[in-house]
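# quick one, fold the following:
(2 chains)
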Protein chains: 2
Amino acid sequence: MSDIQIAQENEAKEMQPITTIAEKIGLQSADLEQYGPYKAKINFAAIKRLKEQPDGKLVLVTSINPTPAGEGKSTVTVGLGDALRQLDQAAIIALREPSLGPVMGMKGGATGGGYAQVVPMEDINLHFTGDMHALTAAVNTLAALIDNHIQQGNVLNIDPRRIIWKRGLDINDRALRQVVIGLGGPVQGVPRQDGFDITVASELMAILCLATDINDLKQRISQIVIGYTYDRQPITVAQLEVTGAIAMLLKDALKPNLVQTLEHTPALIHGGPFANIAHGCNSVLATQAALKLGDIAITEAGFGADLGAEKFLDIKVPQLGKTPDAIVIVATVRALKYNGGMPLADLTTENLGTLEKGFSNLAKHITNMQRYGVPVVVAINEFTTDTDAEITLLQEKCAAMNVKAILTSVWAHGGQGGIDLAHAVLAALEQPQDFHPLYDPKTNIKAKLTTIVTEIYGGHDVVFEGKAINQLKEIEQNGWDHLPICVAKTQYSLSDDPKALGAPTGFTVHVRELLPKLGAGFIVAMTGTVLTMPGLPKQPAALKMDVTEDGLISGLF
Amino acid sequence: MSDIQIAQENEAKEMQPITTIAEKIGLQSADLEQYGPYKAKINFAAIKRLKEQPDGKLVLVTSINPTPAGEGKSTVTVGLGDALRQLDQAAIIALREPSLGPVMGMKGGATGGGYAQVVPMEDINLHFTGDMHALTAAVNTLAALIDNHIQQGNVLNIDPRRIIWKRGLDINDRALRQVVIGLGGPVQGVPRQDGFDITVASELMAILCLATDINDLKQRISQIVIGYTYDRQPITVAQLEVTGAIAMLLKDALKPNLVQTLEHTPALIHGGPFANIAHGCNSVLATQAALKLGDIAITEAGFGADLGAEKFLDIKVPQLGKTPDAIVIVATVRALKYNGGMPLADLTTENLGTLEKGFSNLAKHITNMQRYGVPVVVAINEFTTDTDAEITLLQEKCAAMNVKAILTSVWAHGGQGGIDLAHAVLAALEQPQDFHPLYDPKTNIKAKLTTIVTEIYGGHDVVFEGKAINQLKEIEQNGWDHLPICVAKTQYSLSDDPKALGAPTGFTVHVRELLPKLGAGFIVAMTGTVLTMPGLPKQPAALKMDVTEDGLISGLF
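Numbering: from 1, shown residues only, chains lettered A, B, ... in the order given. Purely as a prediction, here's the structure:
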């Protein structure tokens, strides 16, 4: 059965009213804004009240460098939450919201899989509670206000060639990557080069995920640098005087969304910044709510531990005010063989040699996560093609590093398939932890980047190229170099070369652009060719989608 | 007090749970999908069940040619509903949803005004239940799929120069009217000229408002012509094989939204096609639901009666399967003086001469509406600057045409200010009616347009210019000339010249483009310079908007 079939069969039979889920974690219906019977936002009054509560424990789920299909990080996160609930632990899951673009393209949904899913999966994968759409509206309203300012006299002296605020759509649309707008003569605006990012790559998404309340949201929005004047001075949203309007468009999107897993574990699904261009974690508000409402909050960070987890630990943690008590690294036998150099088409064949070779990738991520001073557990996400010999080899290699590698089968068995993992995580939560961040943000940009490249990626050096050289000077001149770094990088390798699998060493990372994100509060370092607007494949998933007369959806997966 | 202040004060004190509103009209909570405590969608099962019920009476509210500020048509519609409820009539209101673009620009909200508003006004004016956003996603997903088809080999042989499907945003953004997309080389797509319409001007919005169920929605989507091949053959969504995906994105948007007025009258707010480029009426499904759930359904059509009402009567009525039992024409003393040639700045000064001159506009609309065989009532929407002499003159002029002109003050007094109007409407509903449409759709395009121009607009002739000449041939060759006409025209004049106020005669209407909308089921005739993407003014309303820490909004009006 496909994920949607499993979801639909179970939704029909078994979903509990969202008020019932809320009651489990001490929320009353007055704390909720319901969106149908199975979805709700937690309102500001409840969030304010929760701030007084003590924090539970925090578990961060991350992974090795993935194959293009992904390694089931969300699925393991959901399954772990369900397993902990089966062990009578008050666990709450906090995940990112799916972006519609990849849903229509190749990736399909992002709500877990099999019997470890959050539901209603169709709603969550499509419009959900409208957060993505509100962001798209805000992103483009700001863009329209910028171009209108220029058209109506340009009092702020904005240089149309130096606008860095891009438009956005929550769609995979390569044709919008580079566009020319404002054509048609003086009444139609000022012609200039522009581009659209996918909404989840926008700074506003990062801001929504880092803001701690509406005032902080407004403060961050006001600081966004949208471009520069003809004499190279930065222009902010505050100067455009539209902070209030943009914040107003996001006031509901800022509230965390509550849903449930197939096993009725409470799940907060909120915010979804891209993990390559942005910081790849769900919202601070949702993770905080999970910490306040449960004894154990389980959250994930996008792509491999070199991207999502590093950003979680160095960018999100300072806003969250809470460090992880345990880190779970999801690995699959197939992805390790892929990292060992095996072609995608052969991954279903047993091959202990390439598995051993590819283990270097997992080993590096284990070392990296341990470096932060947090106990680590490896979750082996089982595939039917894994052989006993492969699993045993993988477990032995981890044991040699003093790390438990637990076989999990949550896709096939839900929480029951994650019981061993849950026990290992509970044991890890009892271990001492001594969190220390990777770098001091006060050091300069080059120093911070060098630390990330040498300590986490295993590389040798970092060089600034092309635009990045002047941008570095500009950032220093503007006094922005105290901000943490958000590296935009391929998810397929520890390096900036998607073909360098395993655990490459000795490489140099090439930074070609440095983008100041003053609202989000970080500097994006663009390496390699990171796309901020994906394209659709030759046979998009959209071709197979349908809806019946009664509103039942098919073709989501 | 401003509209938003009145709304917020009353919302806090007095809004009833939407389930209470639903109960008044015989709906159970199982018939609803709630969006917070005060908004709900009516689900498909309930809509299906309602089809068996008999229809109530139908009242259409339209207006004279407006000033740029509008003449309070929605306000009168809401006030009339409230007044009928005060008279113990089971009245239900059916209005269009506001578009976010004009909200951020100049127009402000579109939820009535003063004490005749639908609430929660902030939600309805912003994201509401996500219908506009779902449409925006669907419009742009289709566009991305078209460009991706071309990029990936173009099996259908689509000519990139002849794509007529445009992208869309629910934003006033003149810089997107004419753009070039797909720049950057072979990996970024095929460069071509394109443009964005405001979402409410998209054919998908018209389709949503004319579809009678999901199957009809899918049928209409499949018929959309997105462009032409290199050998000039039309290409439809069906050929792209993405009908299901686009319909899936709209499945929830198709369900009517239930809210309430400040006086707790049930109101269905659903769909909002532009009345210049599209047909300007709320959805068939919402109007049908209002007819089934109440004894009197009150609905409106956009802009003046030459645009919205003509399209309601000739395009929507055949899909609705119900003709109006009475038509209310909203007039204001100020707009009639404007039509009499008085400058906008002077409209607050008494001037019986220009009022008498401008009355020609109202007279023409009365004649036009009577021509359809439906009883007509005039509602004078009172402004504090109106003088007794002006009101008396206006009422006398109407009486001379055997039409009652009723002074209404619903902005200031809510339903109480519309009691006289309600009595007049109830009397009109008792009169015999003998509906006959304006034209037979089977006649050719030129004949249909000539009928509209001569009989409704008061003009002399219609000429096809430029692109329209070839497009007419193409439409005939493709066998599409049996479709009704949807004229895109200025709202400020009965003619195609926005400066020709009052009741001009002898003019020729110039059709410069003919756009086939096979999904909506009409041919758009573009006259004059009708903008399908508005721009923002020098001081957009956005500059004054804000939101407090607790989520309270200000600056919407």
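# how about the helix or strand of chain A with the lowest mean pLDDT, does it reach chain B?
Taking mean pLDDT, DSSP states H and E as the measure, the helix or strand of chain A with the lowest value is helix A:3-14, at a mean of 77. No: Helix A:3-14 stays clear of chain B (C-beta under 8 Å from any C-beta of the partner chain), getting no nearer than 11.6 Å. Quick note: C-beta positions are derived from backbone N, CA and C, even for glycine.
# which parts of that helix are buried?
Neighbour counts over helix A:3-14 (16 or more other C-beta atoms under 10 Å in any protein chain shown) mark A:Asp3, A:Ile4, A:Ile6, A:Ala7, A:Gln8, A:Asn10, A:Glu11 as buried.
# how near is A:Thr77 to chain B?
Distance of A:Thr77 to chain B, computed by C-beta to the nearest C-beta, to the nearest Å: 27 Å.
# contacts only, for that residue.
A:Val61, A:Ile93, A:Leu95, A:Gly112, A:Ile298, A:Thr299, A:Glu300 (C-beta atoms under 8 Å, 6 or more residues apart in numbering or on different chains).
# okay if I get these as TSV plus distance to chain B and pLDDT?
Formatted as TSV, the contacts of A:Thr77 follow (distance: C-beta to the nearest C-beta, whole Å; pLDDT from 0 to 100):
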residue	distance to chain B	pLDDT
A:Val61	29	98
A:Ile93	24	98
A:Leu95	21	97
A:Gly112	21	90
A:Ile298	28	98
A:Thr299	25	98
A:Glu300	25	96
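# who's in contact with the least confident helix or strand of chain A?
Counting by C-beta under 8 Å, 6+ apart, A:1, A:38, A:108-109, A:111-115, A:117, A:119-122, A:262, A:264, A:552-557 sit against helix A:3-14.
# would the helix or strand following it count as contacting chain B?
Sequence order places helix A:18-24 as the next helix or strand after helix A:3-14, per DSSP states H and E. No: contact of helix A:18-24 with chain B (C-beta under 8 Å from any C-beta) is absent, the minimum separation being 10.5 Å.
# mind listing what the following helix or strand past helix A:18-24 pairs with, with the direction of each?
Downstream of helix A:18-24, the first helix or strand assigned by DSSP H and E is strand A:32-34. Note on strand A:32-34: by DSSP bridges, its sheet partners are strand A:40-42 (antiparallel).
# helices of the stretch 351-500 of chain A, residue ranges please.
All helices of the stretch 351-500 of chain A, identified by DSSP state H, counting those that start in this stretch, fall at A:352-371, A:388-400, A:410-413, A:419-430, A:445-451, A:467-477.
# quick one: distance of the first one to the chain centre.
So the one you mean is helix A:352-371. For helix A:352-371, the separation from the chain centroid amounts to 22 Å (computed by C-alpha atoms, centre = their mean, to the nearest Å).
# okay, now the residue of the stretch 351-500 of chain A found nearest chain B: neighbour count?
Residue nearest to chain B within the stretch 351-500 of chain A: A:Pro498 (14.9 Å; C-beta to the nearest C-beta). Applying other C-beta atoms under 10 Å in any protein chain shown, we find 15 residues neighbouring A:Pro498.
# still on that earlier bit, buried among the contacts of A:Thr77? Make that a ChimeraX selection.
In ChimeraX, this line selects whichever of these come out buried by 16+ other C-beta under 10 Å:
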select /A:61,93,95,112,298,299,300
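# in TSV, list the contacts of A:Thr77 along with secondary structure and distance to B:Arg334.
Below are the contacts of A:Thr77 laid out as TSV (DSSP: H, G, I helix; E, B strand; the rest coil; distance: C-beta to C-beta, whole Å):
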residue	secondary structure	distance to B:Arg334
A:Val61	strand	64
A:Ile93	strand	58
A:Leu95	strand	55
A:Gly112	strand	60
A:Ile298	strand	62
A:Thr299	strand	58
A:Glu300	strand	60
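# CSV for the contacts of A:Thr77, including distance to B:Asp252?
Converted to CSV, those look like this (distance: C-beta to C-beta, whole Å):
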residue, distance to B:Asp252
A:Val61, 31
A:Ile93, 25
A:Leu95, 22
A:Gly112, 22
A:Ile298, 30
A:Thr299, 28
A:Glu300, 28
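# tell me the one of the contacts of A:Thr77 nearest B:Glu476?
Lowest distance from B:Glu476 to these (C-beta to C-beta) belongs to A:Gly112, with 54.4 Å.
# ok, the closest one - contacts?
Counting by C-beta under 8 Å, 6+ apart, A:Gly112 has contacts A:Asp3, A:Ser74, A:Thr75, A:Thr77, A:Val78, A:Gly79, A:Val118, A:Thr261.
# switch those residues over to TSV; also include secondary structure.
Converted to TSV, the contacts of A:Gly112 look like this (DSSP: H, G, I helix; E, B strand; the rest coil):
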residue	secondary structure
A:Asp3	helix
A:Ser74	helix
A:Thr75	helix
A:Thr77	helix
A:Val78	helix
A:Gly79	helix
A:Val118	strand
A:Thr261	strand
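# tell me the secondary structure at the residue of the stretch 151-300 of chain A found nearest chain B.
Taking C-beta to the nearest C-beta as the measure, the stretch 151-300 of chain A has A:Gly244 as its residue closest to chain B, at 3.3 Å. Classification of A:Gly244 using three-state DSSP returns helix.
# quick one: pLDDT of it?
A:Gly244 carries a pLDDT value of 97.
# quick one: the residue lying closest to it once chain neighbours are set aside from A:Val242, how far?
Distances taken as C-beta to C-beta, 6 or more residues apart in numbering or on different chains place B:Asp546 nearest to A:Gly244, at 3.3 Å, with adjacent residues excluded. Counting by C-beta to C-beta, to the nearest Å, the separation of B:Asp546 from A:Val242 is 10 Å.
# who has more neighbours, those two?
Just comparing B:Asp546 and A:Val242: by other C-beta under 10 Å the higher neighbour count belongs to A:Val242, 25 against 15.
# is it true that that one touches A:Leu145?
Yes: A:Val242 lies in contact with A:Leu145 (C-beta atoms under 8 Å); the separation is 5.1 Å.
# which residues are in contact with each of the two?
Common neighbours of A:Val242 and A:Leu145 (criterion: C-beta under 8 Å, 6+ apart): B:Ala542.
# what parts of the stretch 151-300 of chain A come near chain B?
Near chain B, when you scan the stretch 151-300 of chain A using C-beta under 8 Å from any C-beta, you find A:151-153, A:169-184, A:187-190, A:213-215, A:218, A:241-242, A:244-245, A:247-249, A:251-252.
# where in the stretch 201-350 of chain A is pLDDT low?
Applying pLDDT under 70 to the stretch 201-350 of chain A flags no residue at all.
# now the helices for it?
Taking DSSP H, counting those that start in this stretch, the helices of the stretch 201-350 of chain A run over residues A:203-210, A:214-223, A:237-240, A:243-250, A:284-293, A:310-311, A:317-320, A:333-339.
# mind putting those helices into a markdown table with mean neighbour count and distance to B:Val376?
Shown next, in a markdown table, are the helices of the stretch 201-350 of chain A (neighbours: other C-beta atoms under 10 Å in any protein chain shown; distance: least, C-beta to C-beta, whole Å):
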| stretch | mean neighbour count | distance to B:Val376 |
| --- | --- | --- |
| helix A:203-210 | 29 | 50 |
| helix A:214-223 | 21 | 49 |
| helix A:237-240 | 20 | 48 |
| helix A:243-250 | 26 | 41 |
| helix A:284-293 | 26 | 55 |
| helix A:310-311 | 26 | 65 |
| helix A:317-320 | 19 | 62 |
| helix A:333-339 | 27 | 72 |
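# between the helices of the stretch 351-500 of chain A, which one is closest to A:Ala134.
Comparing these by C-beta to C-beta, helix A:467-477 comes nearest, at 30.1 Å.
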